[in-house]
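Novice: how would this look folded up:
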Amino acid sequence: MTDHAKKASKIIDKLRERREALGLTQADIAERLDVSQRSVSSYENADAVGMELTSLLRYAEAVGVKLCLLEEGGVY
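Specialist: As a prediction, this is how the structure comes out:
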């Protein structure tokens, strides 16, 4: 796995953890994003690296997170 893939995976893991902490299901996020639950599952599992930046930002917004991506790889 490349460094970029590892960073992308870490970001989506944090977003999934946030979703779960809020008690939201993948279906809840799908509704907020106007996509299928299958798409959300794909985002959270195999396809985080290929996820479009706009989709990633929309997902973050759906769970109440503002992403600030720093060169150091930090997520806030």
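Novice: May I ask which helix or strand encompasses the residue nearest in space to the middle of the chain?
Specialist: Geometric centre of the chain, nearest residue: residue 12, 3.8 Å, by C-alpha atoms, centre = their mean. Assigned by DSSP states H and E, residue 12 belongs to helix 3-21.
Novice: Next up, the contacts around the residue nearest to the centre of the chain.
Specialist: When contacts are counted by C-beta atoms under 8 Å, 6 or more residues apart in numbering, residue 12 touches 43, 44, 48, 51, 56, 59. (Glycine included, C-beta is placed from N, CA and C.)
Novice: Dump these to JSON lines, plus neighbour count, distance to residue 17 and secondary structure.
Specialist: Putting the contacts of residue 12 into JSON lines (neighbours: other C-beta atoms under 10 Å; distance: C-beta to C-beta, whole Å; DSSP: H, G, I helix; E, B strand; the rest coil) gives the following:
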{"residue": "43", "neighbour count": "24", "distance to residue 17": "14", "secondary structure": "helix"}
{"residue": "44", "neighbour count": "18", "distance to residue 17": "10", "secondary structure": "helix"}
{"residue": "48", "neighbour count": "21", "distance to residue 17": "13", "secondary structure": "coil"}
{"residue": "51", "neighbour count": "17", "distance to residue 17": "16", "secondary structure": "coil"}
{"residue": "56", "neighbour count": "18", "distance to residue 17": "15", "secondary structure": "helix"}
{"residue": "59", "neighbour count": "27", "distance to residue 17": "13", "secondary structure": "helix"}
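Novice: quick one: which two of those are the most distant?
Specialist: 44 and 56 (11.4 Å; C-beta to C-beta).
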